[in-house]
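Peer 1: Build me a model:
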Amino acid sequence: MNYGGSDVADLALTVEVCAAVRAVAAAEVMPRYRKVEHRHKADGSLLTEADLAAQAALAERLTALAPHPFVGEEMTADEQQAQWDKGADGLWCVDPIDGTSNFARGVPYFALSVALMRGGRSVLGVVYSPYFDELFHAQAGRGAFLNGEPLRSDGPSPVLQASMAHVDFKRVPKNIGAALVAKPPYCSHRSLGSATLEWCYLAAGRIDVYLHGGQKLWDYAAGSLILSEAGGRVATLDSDEFWTGGPWTRSVVAARTPALYADWRAWLTRNDT
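Peer 2: Numbering: from 1, shown residues only. Predicted coordinates:
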């Protein structure tokens, strides 16, 4: 299996993180698939016993590999901020199950997501889709991989009018949402209900363009790195520089090739009035 990279220490950590994510999925997540009760959190999203068990297991395994502060989706906002404040030199960022609604209802589009961040940016990202046994990972400057094979999103692509899009209509600006409904510039759109997988499907060339009005840190930390390392283009609605602004919520404008990004960005700009 080719994991890329030349630095032995970084390569070893990447392999160990990938193994840890697979192990937690096997031990804590898949045995509970379609067998677990759920409840609603204060923000209306779902929470299951599997989310909590997977987060605890990942925290234990990852901090044993590298003793950095740990941010998990199921922590309180105060806990997350305290960990972030201590994590400039290294921070684990985890979504134990992205797509909990899918997971709880037996829809197979869900994933475990892990990022290692330094200086507020991701340097290692792992996203594992256990139902389909697809593990996406990337290291900054060393490429992206799917089940150990090099992953490139920037090969031949359709024009925007013939492309497939991921669009999160709940959070996009009203003017853009109305324009997308009235006259979409793409041929079809999808929403998987798992942001981390949407990033990876873009990186794999299964989807062409992406729009999201506001993702949390754990939604984009791993996936944005995987897409960038696969050759895709990543930005926000407000800036061509994705990593500007505060970490906790960030909009997404992305495409699997620079040419598609330019056309997608231009269309969004024209319609954001």
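
Peer 1: quick one: pLDDT of Ser194?
Peer 2: With respect to pLDDT, Ser194 scores 96.

Peer 1: Setting the sequence-adjacent residues aside, check what's closest to it.
Peer 2: Among residues not flanking Ser194 along the chain, Gly99 sits closest, at 3.3 Å (C-beta to C-beta, 6 or more residues apart in numbering). Every C-beta, even on glycine, is put in place using the N, C-alpha and C of the backbone.

Peer 1: from memory that neighbour sits against Glu198, does it?
Peer 2: No: Gly99 is beyond contact range of Glu198, at 9.7 Å (criterion: C-beta atoms under 8 Å).

Peer 1: Identify the contacts common to the two.
Peer 2: Residues touching both Gly99 and Glu198 by C-beta atoms under 8 Å, 6 or more residues apart in numbering: Leu192.

Peer 1: Who has more neighbours out of these two?
Peer 2: Glu198 (30 against 24; other C-beta atoms under 10 Å).

Peer 1: so that one sits right up against His166, yeah?
Peer 2: Yes: the criterion here is C-beta under 8 Å, and Glu198 meets it with His166 at 4.6 Å.

Peer 1: Now the common contact residues for those two.
Peer 2: In contact with both Glu198 and His166: Ser191, Leu192, Ile207, Tyr210, His212, using C-beta under 8 Å, 6+ apart.

Peer 1: with the residues you listed in mind, which one is nearest to Ala54?
Peer 2: Using C-beta to C-beta, Leu192 comes nearest to Ala54 of those, at 19.0 Å.

Peer 1: about what we covered before: look at the residue nearest to Ser194 and report its pLDDT.
Peer 2: So, for Gly99, pLDDT stands at 94.

Peer 1: now it: how far from Val127?
Peer 2: Separation of Gly99 from Val127 (C-beta to C-beta, to the nearest Å): 11 Å.

Peer 1: what's the answer for Asp272, then?
Peer 2: In terms of C-beta to C-beta, Asp272 sits 29 Å off from Val127.

Peer 1: When the two are compared, which one has more neighbours?
Peer 2: Taking other C-beta under 10 Å, Asp272 and Val127 do not tie; Val127 has more neighbours (30 against 13).

Peer 1: In three-state terms, label the more buried one for me.
Peer 2: Under the three-state scheme (DSSP: H, G, I helix; E, B strand; the rest coil), Val127 adopts strand.

Peer 1: which residues does it form a beta bridge with?
Peer 2: Beta-bridge partners recorded for Val127 (DSSP bridges): Ser113, Phe136.

Peer 1: Which residues are in contact with it?
Peer 2: 111-114, 135-137, 196-197, 199-200, 222-223, 226.
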